[in-house]
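Visitor: Attaching a predicted model along with its sequence, questions to come.
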Amino acid sequence: MLPMADRPAATSSEPPRLAYIHDANVFGGMETLQLDMLRHLDPSRYRPVVVVPGYDDGPRSSPREFIELLKQAKVPVLKPPRPADMPVVGTLGDLYHTVKLLQRARIDVVHIQTRHPEAARKATVAAWLARVKGVVRTEHLPPSHHLHALARYRIMPFDAMTDFIIADSNSNREEQIRLLGRSPKKVLRSYCGVNALAFNPDHDIAQAKRNLGLNPDMLVVGAIGRLHVQKGHSYLIEAAAQIVRQYGPIQVLLVGDGPLMGELRASVDALGLTPYVHFAGFQAAYIPYMEAMDIGVMPSLWEGFSISMQEFMALGKPMVVTDHPSFLEAFTHEQHGLVVPVRDSAALAASVLRLIRDPALARRLGQAALARVRSEFSIQNHMQDLMAIYDQLLGVPARQRTAQRA
């Protein structure tokens, strides 16, 4: 990239052009956040587009649901031609067409959304070759869970092409610096957030259950997320068996799809939980499912600063979460929720039972979580952080807020 001082300031009366490059093949929290970011980006300051891969096959393309929601939101979606299915020729062709796409669209800033440090290499190189004025990467998962022995050396040339790397929690930022040797000046922390005031914590839970065909008189314990080992659903199912034995029938609502669907269904059958566990599958509009839950559970083995976590908080739901560092930045045990060790179904069951048997505790924790998400985590703050970074890259005078470096 050009040194910061050598880059021309934005002088056109037209807002600078911003390209978000999407790098994932499943629909999850990153996609939910990206859509909310676009809703809260100030159009008088930046004109956005979203760039998706040219591939059409599942493992390499953006999820169809994500692209459809972008189109419904009237966000321009740019897609380079499909690359050839030959390793070297396809990679070089994809790189060439992405560079040309960014140049034709006259993109000023590229912001890459990805989950781990070694992803989106072609997007980073394409932005550098296109001579855009600024390149930003948000890496949503802490690197410790995708760390290869030579990672810090393999990412060095791509980091040199990148101006700033955004981590969504302090723990993520600390890992970026400690494990990958990145400069503290390059890695910024900005909590991704939700529009907490758009949620109704006073919703009618019983009616929400009826709307989904659930028993309104029976407790619902639920989780939102891909059916993937990362999300720890197997521990929730084991905990559910213990809860039913010790307390009696409850309803367990799992919203999401993924590679573990068959395995989890088999486990439910083997534990005799079939009458109690409901697999809702993927739901683009999943908030009504959250509203039907009395208790939210996040038994994740690793996680970023979860959007689902913040949505549960914004609905005032009492929650049980694992002791992953990113959760611990949002939750103080017994103050905002209950925290249990990772991979501990017995502790998970005990904490859910505690909330079931102590409604006053459940209400207090839910209200404290609601107050915290409203006061400390918001999509509005996150977008002010990001636009301040874009302004800095373009030489625009500082406005309002800047992302924190600690």
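Guide: Done, it's in.

Visitor: Each with direction, which strands does the helix or strand harbouring residue 21 pair with?
Guide: Here residue 21, judged by DSSP states H and E, is contained in strand 17-22. Using DSSP bridges, the strands paired with strand 17-22 are strand 47-51 (parallel), strand 109-114 (parallel).

Visitor: how about stretch 80-94: buried residues?
Guide: Burial within stretch 80-94, assessed by neighbour count using 16 or more other C-beta atoms under 10 Å, is assigned to 80, 82, 83, 93, 94. C-beta here means a position set from N, CA and C on the backbone, and glycine is covered the same way.

Visitor: try stretch 379-390
Guide: Applying a neighbour-count criterion of 16+ other C-beta under 10 Å, the buried positions in stretch 379-390 are 379, 381, 382, 383, 384, 385, 386, 387, 388, 389, 390.

Visitor: List the residues that contact the residue nearest to residue 370 when sequence neighbours are not counted.
Guide: In space, not counting the residues next to it along the chain, residue 370 is nearest to residue 316; the distance is 4.3 Å by C-beta to C-beta, 6 or more residues apart in numbering. Residue 316 makes contacts with 201, 202, 366, 367, 369, 370, as judged by C-beta atoms under 8 Å, 6 or more residues apart in numbering.

Visitor: ok now do the last one, which residues does it touch?
Guide: When contacts are counted by C-beta under 8 Å, 6+ apart, residue 370 is found next to 196, 201, 313, 314, 315, 316.

Visitor: Quick check on these: which are buried?
Guide: Neighbour counting over these (16+ other C-beta under 10 Å) leaves 196, 201, 313, 314, 315, 316 as the buried ones.

Visitor: nearest to residue 394, of the residues you listed?
Guide: Minimum separation from residue 394 among those (C-beta to C-beta) is found for residue 196, which lies at 30.0 Å.

Visitor: Could you pull out the strands in the stretch 151-300 of the chain for me?
Guide: Counting by DSSP state E, counting those that start in this stretch, one finds strands in the stretch 151-300 of the chain at the ranges 164-167, 187-189, 220-224, 251-255, 277-281, 295-298.

Visitor: Nearest to residue 58 among the buried residues of stretch 80-94?
Guide: With C-beta to C-beta as the yardstick, the closest approach to residue 58 among the buried residues of stretch 80-94 comes from residue 82, at 13.9 Å.

Visitor: Surely the closest one and residue 56 touch.
Guide: Yes - counting by C-beta atoms under 8 Å, residue 82 sits close enough to residue 56 to count as a contact (6.2 Å).

Visitor: and residue 205, how many neighbours?
Guide: Other residues within reach of residue 205, judged by other C-beta atoms under 10 Å, total 17.

Visitor: In this structure it contacts residue 294, no?
Guide: Yes - counting by C-beta under 8 Å, a contact exists between residue 205 and residue 294, whose distance comes to 6.5 Å.

Visitor: if we can go back for a sec, include distance to residue 127 and pLDDT when you put the contacts of residue 316 into CSV, please.
Guide: Supplementary listing: the contacts of residue 316 in CSV, determined by distance: C-beta to C-beta, whole Å; pLDDT from 0 to 100:
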residue, distance to residue 127, pLDDT
201, 41, 97
202, 45, 97
366, 43, 98
367, 44, 98
369, 38, 97
370, 39, 97
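
Visitor: Name all residues that make contact with residue 199.
Guide: Per C-beta under 8 Å, 6+ apart, neighbours of residue 199: 287, 311, 314, 315.

Visitor: So, low pLDDT: which residues of the stretch 51-200 of the chain?
Guide: Using pLDDT under 70 as the threshold, the predicted model of the stretch 51-200 of the chain has no low-confidence range.

Visitor: in it, which spans are helices?
Guide: Along the stretch 51-200 of the chain, the segments classed as helices by DSSP state H, counting those that start in this stretch run 64-72, 87-104, 121-129, 151-154, 156-160, 170-180.

Visitor: Can I get those helices in JSON lines including distance to residue 326?
Guide: Putting the helices of the stretch 51-200 of the chain into JSON lines (distance: least, C-beta to C-beta, whole Å) gives the following:
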{"stretch": "helix 64-72", "distance to residue 326": "23"}
{"stretch": "helix 87-104", "distance to residue 326": "31"}
{"stretch": "helix 121-129", "distance to residue 326": "24"}
{"stretch": "helix 151-154", "distance to residue 326": "20"}
{"stretch": "helix 156-160", "distance to residue 326": "22"}
{"stretch": "helix 170-180", "distance to residue 326": "6"}
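
Visitor: Please name whichever of those is nearest to residue 352.
Guide: For residue 352, the closest of those is helix 170-180, at 25.2 Å, according to C-beta to C-beta.

Visitor: Which positions in that closest one come out as buried?
Guide: If you call a residue buried by 16+ other C-beta under 10 Å, then helix 170-180 has these buried ones: 170, 171, 172, 173, 174, 175, 176, 180.

Visitor: swap in stretch 125-141?
Guide: Neighbour counts over stretch 125-141 (16+ other C-beta under 10 Å) mark 125-130, 132-141 as buried.

Visitor: repeat for stretch 326-343
Guide: Within stretch 326-343, the residues scored as buried using 16+ other C-beta under 10 Å are 326, 327, 329, 330, 331, 336, 337, 338, 339, 340, 342.

Visitor: and the gap between the fifth one and residue 211?
Guide: Which is residue 331. Remark: distance between residue 331 and residue 211 (C-beta to C-beta, to the nearest Å) = 29 Å.

Visitor: just the third one next, same as before
Guide: Residue 329 is 33 Å from residue 211, where distance means C-beta to C-beta.

Visitor: if we can go back for a sec, which pair of the contacts of residue 199 spans the longest distance?
Guide: The farthest-apart pair in those, when distances are taken by C-beta to C-beta, is 287 and 314, at 9.6 Å.

Visitor: Tell me the first helix or strand C-terminal of the strand or helix carrying residue 326.
Guide: Taking DSSP H and E as the definition, one finds residue 326 inside helix 325-330. Counting by DSSP H and E, the next helix or strand C-terminal to helix 325-330 is strand 338-340.
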